[in-house]
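**Q** The sequence and its predicted three-dimensional model are supplied below.
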Amino acid sequence: MASSKLFEGIPPFPDDIPTVSMNTVSLAGLRENDAKAAEQTLAACKELGFFFLDLREDSMGDAMIECIDQLFTIGQEIFDLPESIKHQYLHDIPRSFLGFKPRGAAKTETEEPDRFEWFNLGQDGLMGNIDLQALPEFVIERIDYFKKFLNYSQQIATFINHTLAKQLSLPAETFAAAQRPTELSGTVVRFIKAFASPDAKDLRTSMIHHTDFGSITLLANVIGGLQVLTPGGSALDEDAWRWVRPQPGCLIVNLGDAMVQWTGGALRSNVHRIKYPPGEQRFADRYSLAALFRPERNASMKPKMSQDLAGVENTELTAWEWEQQKPMQGSLFLHRSIIPDHTYL
């Protein structure tokens, strides 16, 4: 998450709304193989599928916080680029999700247009696995910031993957070996801008409820709006939703469907959505920065343990094949594409 200085000068997060209770795990603890941190990580990934990762008091974490602060400024400037420039770099669904998604291009559960835009950069291009995607000059001039953020995110994802594997009595590399950054995948760095909600008609969902399609998501944001569905609750029941209160210096981490598949249902990929920001925060635009990790294209999606297998297919499919045969739900518009070759994104 961003440093505390980015939390200064914004409207306060209200104290009178229902917030989700999430474990806070220390990055320093994970890096030091601390038993308590490992146990907290597994418990969070089994019960809610979300947790806070505290980057503070860790050398790499502190460097990542500084990088996030810089990218928040860059991200706002990217969204402020003239529409004529952004429209030269629109995503090309279903071929590719890279580039800009305009506001209103998807629908919410009420069939109303969404209230957010995003900008995606592919890991493959940033790593040199394929040619870098076409980008505005403004982004190219700042590409090293994105590469730095991706590198930190890759290291953190590896620590989480190793921790979960060992806690599940699997070899440490079990999950990490299926997400090598040097191999083709759909992993992206994403900026999201959810627009302010000053009018009564704006007090609705900005991004439809969904589960993430990949393995691990690392999210940094300052203003509220993210909501998590209470396990066992119905997405149609407003009382079943809980707000996530952003914490300075802490990333929000959640698991995606691939981790459920690999663990035979032992871990949880929880439903979540972006609502309008709570309280006075609704009068401000909400910016987020995320790394969304997905399995490498040719990784096997066969479960690596058979604890439950409830709702999990014992498949021989590769990640690319598995993603293509997943049910086409409206929410998956946000997280997958159907592309045949090296443009797999």
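**A** Cool, got the structure.
**Q** element containing the spatially most central residue of the chain?
**A** Centroid-nearest residue in the chain, with C-alpha atoms, centre = their mean: T217, separated by 3.4 Å. Per DSSP states H and E, T217 falls inside strand 216-221.
**Q** pull the longest helix from the protein.
**A** For the chain, the longest helix by residue count, based on DSSP state H, is helix 143-167.
**Q** How far off centre is that helix?
**A** 13 Å (C-alpha atoms, centre = their mean, to the nearest Å).
**Q** what element comes up after that helix heading to the C-terminus?
**A** strand 188-194.
**Q** that older thread, mean confidence for the strand holding T217?
**A** Averaged across strand 216-221, the pLDDT comes to 97.
**Q** what does the next helix or strand after that strand rub up against?
**A** The helix or strand immediately downstream of strand 216-221 is strand 226-229, counting by DSSP H and E. Strand 226-229 is contacted from outside by 20, 48, 50, 209, 219, 235, 240-244, 252, 270-275, using C-beta atoms under 8 Å, 6 or more residues apart in numbering. For glycine as for every other residue, the C-beta is placed from the backbone atoms N, C-alpha and C.
**Q** contact partners of the helix or strand of the chain with the lowest mean pLDDT?
**A** When each helix and strand of the chain is scored by mean pLDDT, DSSP states H and E, helix 319-325 comes last, with a mean of 89. For helix 319-325, contacts defined as C-beta under 8 Å, 6+ apart pick out 178, 185-186, 213, 258, 261, 294-301, 315, 317, 336, 338, 344.
**Q** in it, what counts as buried?
**A** Residues of helix 319-325 classed as buried: A319, W320, W322, E323 (neighbour count, 16 or more other C-beta atoms under 10 Å).
**Q** Between those residues, which sits nearest F195?
**A** E323 (29.5 Å; C-beta to C-beta).
**Q** distance of that closest one from N23?
**A** E323 sits 29 Å away from N23, going by C-beta to C-beta, to the nearest Å.
**Q** low pLDDT regions in the stretch 1-150 of the chain?
**A** 1 (pLDDT under 70).
**Q** thought G279 was touching I10?
**A** No: applying C-beta atoms under 8 Å, one finds G279 not in contact with I10, separated by 10.9 Å.
**Q** so where do the helices sit in this protein?
**A** 27-31, 35-47, 59-79, 83-86, 123-127, 137-140, 143-167, 257-262, 319-325.
**Q** got CSV for those, with distance to S96 too?
**A** Shown next, in CSV, are the helices of the chain (distance: least, C-beta to C-beta, whole Å):
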stretch, distance to S96
helix 27-31, 32
helix 35-47, 30
helix 59-79, 18
helix 83-86, 16
helix 123-127, 11
helix 137-140, 16
helix 143-167, 17
helix 257-262, 20
helix 319-325, 14
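**Q** out of those, which comes closest to D202?
**A** Comparing the helices of the chain by C-beta to C-beta, helix 59-79 comes nearest, at 17.6 Å.
**Q** between the closest one and strand 216-221, how many degrees?
**A** 70 degrees (axes from the mean of the first three to the mean of the last three C-alpha atoms, to 10 degrees).
**Q** so what's M259 up against?
**A** Per C-beta under 8 Å, 6+ apart, neighbours of M259: C45, L164, F175, S215, I216, L267, S269.
**Q** for the residues you listed, which one is nearest N33?
**A** L164 (13.2 Å).
**Q** was I right about that closest one contacting L267?
**A** Yes: the criterion here is C-beta under 8 Å, and L164 meets it with L267 at 7.1 Å.
**Q** anything in contact with each of those two?
**A** Listed contacts common to L164 and L267 are C45, M259; contacts here mean C-beta under 8 Å, 6+ apart.
**Q** For the strand holding T217, which strands pair with it and how are they oriented?
**A** Its sheet considered, strand 216-221 pairs with strand 250-255 (antiparallel), strand 286-293 (antiparallel) by DSSP bridges.
**Q** CA atoms only for it, dumped as PDB, please.
**A** C-alpha atoms of strand 216-221 as PDB (Å, rounded to 0.1, in the frame of the first residue of the first chain):
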ATOM      1  CA  ILE A 216      -2.500 -14.000  -6.500                       C
ATOM      2  CA  THR A 217      -3.500 -10.300  -6.600                       C
ATOM      3  CA  LEU A 218      -1.500  -7.600  -4.900                       C
ATOM      4  CA  LEU A 219      -3.500  -4.400  -4.500                       C
ATOM      5  CA  ALA A 220      -2.600  -0.900  -3.400                       C
ATOM      6  CA  ASN A 221      -5.200   1.800  -2.900                       C
END
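**Q** gap between that strand and the chain center?
**A** The answer for strand 216-221 is 4 Å, by C-alpha atoms, centre = their mean.
**Q** what's it in contact with?
**A** If you take C-beta under 8 Å, 6+ apart as the criterion, strand 216-221 is touched by 1-2, 53, 68, 72, 153, 156-157, 160-161, 226, 246, 251-256, 259, 286-293.
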